[in-house]
Each structure stands twice: as structure tokens, then as C-alpha cells.
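1. the following block contains a protein sequence and its predicted model.
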Amino acid sequence: MKIRIISVGKIREPFYQAGIQEYVKRLTPYSNVELVTGFEEKAPARPGDQDIIQVKQKEGQRILQQIAPGEYLVLCDVQGQAGSSTELAARVGQWMLSGKSRINIVVGGAYGLDRGVIEAAHERISLSRLTFPHQMAVLILVEQLYRTFKILRGEPYHH
């Protein structure tokens, strides 16, 4: 199964880069994982409501251009469905059986996601009810994907 993680913001901090690279490497036996970043639109220093709407729309257009027909779109969203690692593993197992050519998992930007992206999504998941910087959210996501495949294969890692 191919998985593409779409992060609106870039992964700038070296310690996040190192952690993400480590888990992407660990995922190699289970899945082809690709991380794409840099869809962020620059906002004014003190953005108003209309500025934020425009930023989200531009970011949303860039995200949706990445999604081909026949691909599955999942959003990481604080308002998405939360669950345990075991429950996430069950959902990923269902995604694998969906027949879709690729699973795209989106980590939004500072202002959230555009309504068009939300409406296009097949599913919304929550990594936590807490708010994380996007770089940390990507790291948590790749670790949870690794944990998911270990659970699905019955291999040691998750206790």
C-alpha cells in the first residue's frame, strides 16, 4: 500500500526531520511512505478573517491538486474521530482493503483546512484533542503508522 503524508508546512527543525526519517525508514518493509511538504501560503503579519479564508483556500487548492482519482483522502483534524492505536490499526486495515491506489493523510496548517478539502475527505481522524505544531503532528503520525503496521502484523512493539 502506498501512503503519502501531505504536510502543509515544511519540516524545518532537524530533530523533527531526524525522527520522521527514522520512522519512514522503519515503515519501508510495510508500506511505501512518501512525505510531501511546503503547501503553506504566507499570511499577513496580522491576518484578518478574510486573509485567513484566502490562505486556507490557496493551501486547499495546492493539497487537492495532489490527490488523483482513485486515491483515499484522510485528514488529521482535532475535530476528527479519535481513537486508540489499536483502533487506528483497524482503520488502516480497512483503508488497505478499500482498493484505493494510495492513502493520502493531510496535516493542515496553522489556520486549519479549507472547507473544500474537508468536503473532499473520505475520513477525518484526530491524533489527540491537544493541539500540536504541525512538525510534531507529522512525527506522531509516522510513529503511529509504524505502530499500526506492527499491530496488524502481530509483531512486538505495541504493549
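-> Sure thing, it's come through. Every value quoted in this text rests on a predicted model; they were computed, and no experiment measured them.
2. after the lowest-mean-pLDDT helix or strand in the chain, which helix or strand is next?
-> Lowest by mean pLDDT, DSSP states H and E among the helices and strands of the chain is strand 72-82, with a mean of 93. As assigned by DSSP states H and E, the chain's next helix or strand after strand 72-82 is helix 85-96.
3. returning to that earlier point: now for the least confident helix or strand of the chain, which elements pack on it?
-> strand 102-107, helix 115-120, strand 123-126 (3 or more C-beta pairs under 8 Å, 6 or more residues apart in numbering; DSSP states H and E). In short, each C-beta sits where N, CA and C put it, glycine included.
4. packing partners of the first one?
-> Think strand 102-107. strand 2-7, strand 72-82, helix 134-153.
5. got those as a markdown table, with mean neighbour count and distance to S31 columns?
-> Shown next, in a markdown table, are the helices and strands packed on strand 102-107 (neighbours: other C-beta atoms under 10 Å; distance: least, C-beta to C-beta, whole Å):
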| stretch | mean neighbour count | distance to S31 |
| --- | --- | --- |
| strand 2-7 | 21 | 5 |
| strand 72-82 | 18 | 13 |
| helix 134-153 | 20 | 7 |
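6. which among the ones you listed is found nearest to G116?
-> strand 72-82 (11.4 Å; C-beta to C-beta).
7. hang on, the earlier thing: how about the helices and strands packed on strand 102-107, which one is nearest I53?
-> Among the helices and strands packed on strand 102-107, strand 72-82 sits nearest to I53 (C-beta to C-beta), with 17.5 Å.
8. one step back: rebuild the helices and strands packed on strand 72-82 as JSON lines, extending it with mean pLDDT.
-> Formatted as JSON lines, the helices and strands packed on strand 72-82 follow (pLDDT from 0 to 100):
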{"stretch": "strand 102-107", "mean pLDDT": "97"}
{"stretch": "helix 115-120", "mean pLDDT": "97"}
{"stretch": "strand 123-126", "mean pLDDT": "96"}
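9. for the protein, which residues score under the pLDDT cut-off?
-> 158-159 (pLDDT under 70).
10. from the chain's centre, how far out does stretch 129-142 sit?
-> 9 Å (C-alpha atoms, centre = their mean, to the nearest Å).
11. what's the answer for stretch 26-41, then?
-> On C-alpha atoms, centre = their mean, the centre of stretch 26-41 falls 9 Å from the chain's centre.
12. that'll do, ta.
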